[in-house]
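Colleague: Sequence plus the predicted model coming up.
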Amino acid sequence: MIRHCTAILACAALLVPAGALAQRTYDLSDAVVGKTPWRSTYYRVGATTGDAQRQFEERADRSRPVVVHSHGCSGVVGTDLQLAEFYKELGFHVVLLQFHTRGDASSSCPSGMPSSTGHAESGNPHRIKARRMELEHQIAWLEDLGFKSIVATGHSEGGKVVQGLKRKVDGVILHAMDCKERSLWDPHPDNRYLALYSTRDPWITGNGSYPTRACGHLFNRSQVRDVRSTVTSHDPLADPAWRDEIRQFLGGVQR
């Protein structure tokens, strides 16, 4: 059967349970995680290009709120930059985390649709833990600089990262990701969540092979709002109605 597949890795994801596939480990040391702010790209309100860490530290208005965004399995792509522009228009500085530049990480999504548990490496608990540690370190760095209002967002695999954020923030937004993996969910009890996903998203439903799973229902959290769509897309802002949902959700954040 394998010789008829276009990609061996894609076939392996379909033939072998995700837990049985070899999964990578990632460096969780302070020497690596502590460099997260240095690797990130920063987009200030009013600026036309991205900043490096030092530029942002020197120029950013501390009275503005900040969105810290976790990219999907392929790294920072065009849709992440579109999200940055959207949140800047709402009055937020935006930080794009750059997990794939740490030295021991790369794309976790081989070609082909994922299995019911997602691509094996994209659901690797050690990978999600490493990414979450970097997210939390970035947030702590911003707080040390004097930023008072911080929101965490994540697209696709990044949605798995933010859904278990242990640090208190003003809001958490999942773009194009539901809550399949309960083992990854252990958030700060006071965080508010907005989950935006489509029941026809080809990547989180395997082209309709399995259903989406609501975040609020699965975890019985009154502060979780699930917003389902029927658009056939995995883009983070695929449904135009999601923009208004985000504006409403962020309405109480100081800007």
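Modeller: Now that the structure is in, tell me what you want to look at.
Colleague: which of the residues in stretch 31-43 are buried?
Modeller: Within stretch 31-43, the residues that count as buried by 16 or more other CB atoms under 10 Å are Val32, Val33, Lys35, Thr36, Pro37, Arg39, Ser40, Thr41, Tyr42, Tyr43. Backbone N, C-alpha and C define where each C-beta goes, glycine included.
Colleague: nope, stretch 74-94 is what I meant
Modeller: Buried positions in stretch 74-94, judged by neighbour count with 16+ other CB under 10 Å: 74-76, 79-80, 83-84, 86-88, 90, 92-94.
Colleague: Same question for stretch 186-194.
Modeller: Using 16+ other CB under 10 Å as the test for burial, stretch 186-194 gives Pro187, Asn191, Arg192, Tyr193, Leu194.
Colleague: circling back to that earlier point, please produce CSV containing the buried residues of stretch 31-43, extended by distance to Gln23, pLDDT and secondary structure.
Modeller: Below are those laid out as CSV (distance: CB to CB, whole Å; pLDDT from 0 to 100; DSSP: H, G, I helix; E, B strand; the rest coil):
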residue, distance to Gln23, pLDDT, secondary structure
Val32, 18, 91, helix
Val33, 19, 92, helix
Lys35, 23, 93, coil
Thr36, 22, 94, helix
Pro37, 27, 96, helix
Arg39, 23, 92, helix
Ser40, 25, 96, coil
Thr41, 28, 95, strand
Tyr42, 31, 98, strand
Tyr43, 33, 97, strand
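Colleague: Reformat those residues into CSV and put distance to Thr101 next to each item.
Modeller: Listed next are these as CSV, based on distance: CB to CB, whole Å:
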residue, distance to Thr101
Val32, 11
Val33, 13
Lys35, 9
Thr36, 10
Pro37, 12
Arg39, 5
Ser40, 9
Thr41, 10
Tyr42, 14
Tyr43, 17
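Colleague: Could you count how many residues lie near the residue nearest to His126 when sequence neighbours are not counted?
Modeller: Nearest residue to His126, sequence neighbours excluded (CB to CB, 6 or more residues apart in numbering): Thr25, at 5.2 Å. Burial of Thr25 is recorded as 11 neighbouring residues (other CB atoms under 10 Å).
Colleague: Equivalent analysis for Val161, please.
Modeller: Count around Val161 with other CB under 10 Å applied: 29.
Colleague: how near is it to Thr199?
Modeller: Counting by CB to CB, to the nearest Å, the gap between Val161 and Thr199 amounts to 22 Å.
Colleague: try Val94
Modeller: Taken as CB to CB, the span from Val94 to Thr199 is 28 Å.
Colleague: In three-state terms, label Phe56 for me.
Modeller: Here Phe56 is helix, with the state taken from DSSP: H, G, I helix; E, B strand; the rest coil.
Colleague: That one contacts Thr41, correct?
Modeller: No. Taking contacts as CB atoms under 8 Å, Phe56 lies outside contact range of Thr41: 9.0 Å.
Colleague: what is in contact with those two at once?
Modeller: Common neighbours of Phe56 and Thr41, using CB atoms under 8 Å, 6 or more residues apart in numbering, are Val95.
Colleague: Name the helix or strand for His69, please.
Modeller: Element membership for His69, per DSSP states H and E: strand 66-70.
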